[in-house]
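[1] predicted model and sequence follow; I will ask about them next.
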Amino acid sequence: MTTLTLDVRDVSKRFGEGDTTVAAVRGVSLAVEAGEVVLIMGPSGSGKTTLLSMMGALLKPTTGSIHLDGAELSALSEGRLPDIRLRRFGFIFQDFNLLSALTVRENVALVAELAGLRTRAARDKATALLTELGLGGRLDFLPEKLSGGEKQRVAIARALINDPTLILADEPTANLDSKIGHEIMRLLRGIAKEQGRSVVIVSHDQRIRDIADRVLWLDDGAFKDIVTMATDPVCEMAVDRERAVSAERDGETHYFCSRGCRDEYLGENGNGPRGWLHLATAHLSRNARRHSGHRGDQRRTAAQVERDETAKHGR
């Protein structure tokens with residue numbers, strides 16, 4: 001049986017009364033599984049942030065219910081919600097929301113201390129987490145000394161420090177350039193998959209669609225479209241099933257980001273010298289994408305493979 005982390009049931013949110021009533025969210029339902037990454041997109045004013053706020057127990061729905069790990073959050077008293085938000089949720093914001101007077105380590109450790117961890121233990125846990133995220137050399141830096149990407153990684157560490165069930169991200173790439181934003185989102189996806197944490201992201205950024213398992217389109221407070229993503233078996237990108245190039249093999253449908261990936265996957269099924277070359281080049285290409293700092297060396301290696309294979313077979 002599939003375990004649901006988040007279960008949103010027919011939720012609506014209205015502001016104001018009488019003739020001035022505004023329906024920000026209208027009858028929305030959403031189920032999110034453990035380890036799933038859901039991206040909610042839509043135009044400004046569509047209700048994305050209002051919906052995210054209700055999911056994070058920052059707003060109570062006017063009607064409907066929200067359940068986290070089976071417990072109905074929307075039925076809890078206001079007095080119980082701050083502790084739930086602190087321990088069960090990890091929040092990531094577009095403006096990072098780091099405290100300027102505290103160091104990187106102190107920004108993260110503070111959240112653990114608020115949850116009851118002793119100062120030394122909180123600092124040790126923050127140090128280990130930040131080091132895993134590549135910030136071991138920035139522990140005692142103030143936020144003003146960090147790049148945008150580094151600030152967002154600190155924000156991710158802060159969101160993770162109390163081992164939350166659900167991570168909620170509000171426009172997390174808005175203040176980052178395209179390349180860094182995509183890298184940060186792939187990092188977040190990796191964390192979700194490895195640790196089994198559910199992630200819900202609201203964003204305008206079309207460039208991060210490939211990190212999601214599902215893309216939902218919210219318009220005028222209601223879901224209009226749901227896109228299920230698939231993983232390209234060659235480049236490992238997430239692709240929209242409806243727009244992807246597809247192919248059948250062994251009775252199973254596979255989805256690809258491009259015809260090149262499809263042909264690479266199907267090319268002689270990896271048999272024979274040319275099929276082997278396809279697979280070797282694909283492997284090198286994946287490594288080049290993962291380790292961008294060594295791209296030049298990876299490309300030369302791929303070219304050498306081509307030359308050696310050509311010489312060997314007299315082509």
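    Looks like it came in fine.

[2] just the helices in the stretch 151-300 of the chain please.
    Along the stretch 151-300 of the chain, the stretches classed as helices by DSSP state H, counting those that start in this stretch are 178-195, 259-266, 272-290, 295-313.

[3] can you show me the CA trace of the second one as PDB?
    Presented in PDB, the C-alpha positions along helix 259-266 are these (Å, rounded to 0.1, in the frame of the first residue of the first chain):
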ATOM      1  CA  ARG A 259      15.200  11.700 -31.000                       C
ATOM      2  CA  GLY A 260      19.000  11.600 -30.400                       C
ATOM      3  CA  CYS A 261      18.500   9.900 -26.900                       C
ATOM      4  CA  ARG A 262      15.900   7.600 -28.400                       C
ATOM      5  CA  ASP A 263      18.200   6.500 -31.200                       C
ATOM      6  CA  GLU A 264      21.000   6.100 -28.800                       C
ATOM      7  CA  TYR A 265      18.900   3.900 -26.600                       C
ATOM      8  CA  LEU A 266      17.600   1.800 -29.500                       C
END
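
[4] packing partners of it?
    Where contact means 3 or more Cβ pairs under 8 Å, 6 or more residues apart in numbering; DSSP states H and E, helix 259-266 is packed against strand 245-249, strand 252-256, helix 272-290. Any C-beta I mention is one placed from the backbone N, CA and C, and that applies to glycine too.

[5] ranked by average pLDDT, which of the helices of the stretch 151-300 of the chain falls at the bottom?
    Ranked by mean pLDDT, those bottom out at helix 295-313, with a mean of 46.

[6] pretty sure E150 contacts L135?
    Yes: using Cβ atoms under 8 Å, E150 is in contact with L135, at 6.5 Å.

[7] domains for the chain, by residue range?
    Split into domains by automatic domain parsing, the chain comes to 4-231, 238-313.

[8] can I get those domains in CSV with mean neighbour count?
    Formatted as CSV, the domains of the chain follow (neighbours: other Cβ atoms under 10 Å):
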stretch, mean neighbour count
domain 4-231, 18
domain 238-313, 14
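
[9] which stretch in these has the least confidence?
    Lowest mean pLDDT within the domains of the chain: domain 238-313, at a mean of 61.

[10] in the stretch 101-250 of the chain, which spans are strands?
    Using DSSP state E, counting those that start in this stretch, the strands of the stretch 101-250 of the chain run over 166-170, 198-202, 214-219, 222-231, 238-240, 245-249.

[11] can I get these in CSV including distance to A57?
    Listed next are those as CSV, based on distance: least, Cβ to Cβ, whole Å:
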stretch, distance to A57
strand 166-170, 10
strand 198-202, 13
strand 214-219, 19
strand 222-231, 21
strand 238-240, 29
strand 245-249, 40
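
[12] so which of those is nearest L266?
    Between L266 and these, the tightest spacing by Cβ to Cβ is seen for strand 245-249, at 5.9 Å.

[13] what is the closest one packed up against?
    The elements that strand 245-249 packs onto, with contact taken as 3+ Cβ pairs under 8 Å, 6+ apart, are strand 252-256, helix 259-266.

[14] partners of it, with directions?
    The strands that strand 245-249 pairs with in its sheet are strand 252-256 (antiparallel) (by DSSP bridges).

[15] ok, and what's touching the partner strand?
    230-234, 239, 241, 244-248, 262, 265 (Cβ atoms under 8 Å, 6 or more residues apart in numbering).

[16] any idea of the angle it forms with helix 259-266?
    With axes from the mean of the first three to the mean of the last three Cα atoms, to 10 degrees as the basis, strand 252-256 and helix 259-266 are set at 140 degrees to each other.

[17] for strand 252-256, list the C-alpha coordinates in PDB.
    Taking C-alpha atoms only, strand 252-256 is exported to PDB below (Å, rounded to 0.1, in the frame of the first residue of the first chain):
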ATOM      1  CA  GLU A 252       7.300  -1.300 -22.600                       C
ATOM      2  CA  THR A 253       7.000   2.300 -23.600                       C
ATOM      3  CA  HIS A 254      10.100   4.500 -23.000                       C
ATOM      4  CA  TYR A 255      10.200   8.300 -23.100                       C
ATOM      5  CA  PHE A 256      13.000  10.500 -24.300                       C
END
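
[18] how far does stretch 167-182 sit from its chain's centre?
    9 Å (Cα atoms, centre = their mean, to the nearest Å).

[19] for S44, phi and psi?
    Backbone torsions of S44, given as degrees, to the nearest 10, read phi -60, psi 140.
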